[in-house]
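Enquirer: Test case, fold it:
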Amino acid sequence: MASRTIARLSLALAAILPVALATFPHRALLQSCQPNGSIRGKSGSCNPDNDSVCCEDGKGYTTFACSPPVTTRTRATLTLNSFAKGGDGGGASSCTGTFFDDDVKVVALSTGGSTKGSGARIAS
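Expert: Residues are numbered from 1 along each chain as shown. Take a look at the predicted model:
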């Protein structure tokens, strides 16, 4: 009887553990990012509020190993923002509910910035 219970528990754990690990909400915070190249800046819509540094034509900006793959079809806009309270980076971090002083390096990734599950924002 005890061995049957242990077997069922082990089977349930084996089925649930991969799903739990894959959906861990702070998974992005656990990965390390290493510089692995650079992209060239292209000016356009610059927001100089809060002493933000603007994207300069031809200037190299570092990419990281944790960045998603970039191809010629990838559409993206690089913005440099303040994530301090009242800054131009938006509200507090959705994961921790905190703001970050301007001397803290923050990377914010967005799938569109929409709410109610149709988009996601990650800051780390």
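Enquirer: low-confidence ranges in the chain?
Expert: Within the chain, the ranges that satisfy pLDDT under 70 run 1, 7, 9-32, 41-55, 67-70, 76-77, 94-96, 109-124.
Enquirer: check contacts around residue 89.
Expert: By CB atoms under 8 Å, 6 or more residues apart in numbering, residue 89 lies in contact with 81-83, 106, 108. In short, each C-beta sits where N, CA and C put it, glycine included.
Enquirer: Residue 62 now?
Expert: Applying CB under 8 Å, 6+ apart, the residues near residue 62 are 35, 37-38.
Enquirer: Please identify which of the residues you listed is nearest to residue 57.
Expert: Nearest to residue 57, judged by CB to CB, of the contacts of residue 62 is residue 38 at 14.3 Å.
Enquirer: In a markdown table: the contacts of residue 62, plus distance to residue 57.
Expert: Putting those into a markdown table (distance: CB to CB, whole Å) gives the following:
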| residue | distance to residue 57 |
| --- | --- |
| 35 | 22 |
| 37 | 19 |
| 38 | 14 |
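Enquirer: want to throw those residues into CSV with distance to residue 59 and secondary structure?
Expert: Shown next, in CSV, are these (distance: CB to CB, whole Å; DSSP: H, G, I helix; E, B strand; the rest coil):
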residue, distance to residue 59, secondary structure
35, 16, strand
37, 14, strand
38, 9, strand
